[in-house]
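Colleague: need a structure here:
(one chain, ligands or ions: 1)
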Amino acid sequence: MRKKLLSLFLVLALVSVVLAGCGSSETTTTTDSGKEAPKEARIIRAGIGLNDKHPQYLALLKMKEIVEKETNGSIKFETYHSSQLGDDRGMMEALQLGTQEMTIPSTAPIANFVPEFSVFDIPFLFPSEEVADKVLLESDVAKELLDKLPAQGMIGLAYWENGFRDLTNNKRAVATAKDFKDLKIRTMENQLHLEAFRALGANPTPMAFAEVFTGMQQGTIDGQENPVATIYLQKFNEVQKYLSTTHHVYSPFVVLLSKKFWDESTPEEQQILVKAAQEAGDYERQLVREANQKYLEDLKAAGMVVTEVTPEARAEMKAITDPAVEKFADKIGKDTIEKVKAAVEAASK
Ligand code: TK8
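Modeller: Next up, the predicted model:
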């Protein structure tokens, strides 16, 4: 009997050791009493303006998966799409305050916080996605731009792709610069974009992304400009007739984290966050690019009138917007402009 009790005791002791072992493989923290207590996961509330069909959201889910796995659950994600947490500017302000942890805006609204980012607003800067990749993922200047974000309470984890922006509207087929005349175009909240569209003779108005669909439906604006993925996945074709492949500017996305969350993270967690953002970014670019041609075909099939804009027409648009851009040279910084242009040139070889 005694022996039996003893062996039962030993078995129980073993089981508890094993269980404790399991416990410690989860995230635990040592309390004052020296006992291991489970540590609460820190939450990243990540919000974007686009809907849950867009590659940006799918890539965000991928990033969530990687980070939650690699940190053994010490960091968890809550993801919000369709401006559920606010518009780009509002979400960036929330990052600064530390009331939200992540958002992934285009560089254009980031320029309201770090003016140098407006270098990417220069129309017709990037000739191709390949060149954009080389500049954004490999150049020193792209990295230097991210390094300006911490002073604004944000950390730039990686560049993703929004893409080449095309024009849609309800008034007419836009093939050349003169066709922009008097079109009421919604732009992102960005001074350079406003100025460039004014130079083309349009009547631009800045607006939060979430209001664009209704604006076009109700006719307060004639059109907007965004990459085809957005036009297709947000169903802009339901309220827009004409699409022109202007490709007037390439929009990068930047994965932004609040500096507060970054500072509270361990070096290992920080490394995991950066790597996961880069990996998910590769996935996102791949998804966007695979689908672009199909989106355009589907838009045509859905009844949109698609106007292919010629290189000559683009060159004319560039010549018209160049002087307007010139006005922003000091604000962006001549040094930044030169470095980016040099990187573009090197990448174009
Ligand atoms: C979504 C925006 C959008 C951007 C715009 O929040 O505002 O037009 O292109 O993708 O970031």
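
Colleague: is stretch 186-196 up against the ligand anywhere?
Modeller: Yes. Counting by CB under 6 Å from any ligand atom, contacts between stretch 186-196 and the ligand involve M188. The C-beta positions use only the backbone N, C-alpha and C, and glycine is treated the same way.

Colleague: which residues touch D133?
Modeller: R285 (CB atoms under 8 Å, 6 or more residues apart in numbering).

Colleague: how much space between the residue of the stretch 101-250 of the chain found nearest the ligand and W262?
Modeller: Closest to the ligand within the stretch 101-250 of the chain is F209: 3.7 Å, counting by CB to the nearest ligand atom. Separation of F209 from W262 (CB to CB, to the nearest Å): 26 Å.

Colleague: re the thing from before, quick check, the residue of the stretch 101-250 of the chain closest to the ligand in contact with R89.
Modeller: No. Using CB atoms under 8 Å, F209 is not in contact with R89; the gap is 10.2 Å.

Colleague: when the two are compared, which one has more neighbours?
Modeller: Shown here are F209 and R89; by other CB atoms under 10 Å, F209 has more neighbours (23 against 17).

Colleague: now do the strands in the stretch 201-349 of the chain.
Modeller: With DSSP state E, counting those that start in this stretch, the ranges of strands along the stretch 201-349 of the chain come out as 203-206, 223-226, 242-244, 250-258, 305-307.

Colleague: report the rounded mean pLDDT for the fourth one.
Modeller: Just to be clear, that refers to strand 250-258. Across strand 250-258, pLDDT averages out at 98.

Colleague: cool, stretch 44-54 as well?
Modeller: Mean predicted lDDT for stretch 44-54 stands at 98.

Colleague: picking up where we left off before, quick one: residues contacting the residue of the stretch 101-250 of the chain closest to the ligand.
Modeller: Taking CB under 8 Å, 6+ apart as the definition, contacts of F209 comprise G49, L50, S83, D87, D88, M188.

Colleague: any idea how far the first one lies from F209?
Modeller: With distances taken as CB to CB, G49 is found 4 Å from F209.

Colleague: also the fifth one?
Modeller: D88 sits 7 Å away from F209 when distances are taken as CB to CB.

Colleague: mind listing the shared neighbours of those two?
Modeller: Counting by CB under 8 Å, 6+ apart, the residues touching both D88 and F209 are G49, M188.

Colleague: next, the buried residues of stretch 125-142.
Modeller: 125-126, 129, 131-137, 139, 141-142 (16 or more other CB atoms under 10 Å).
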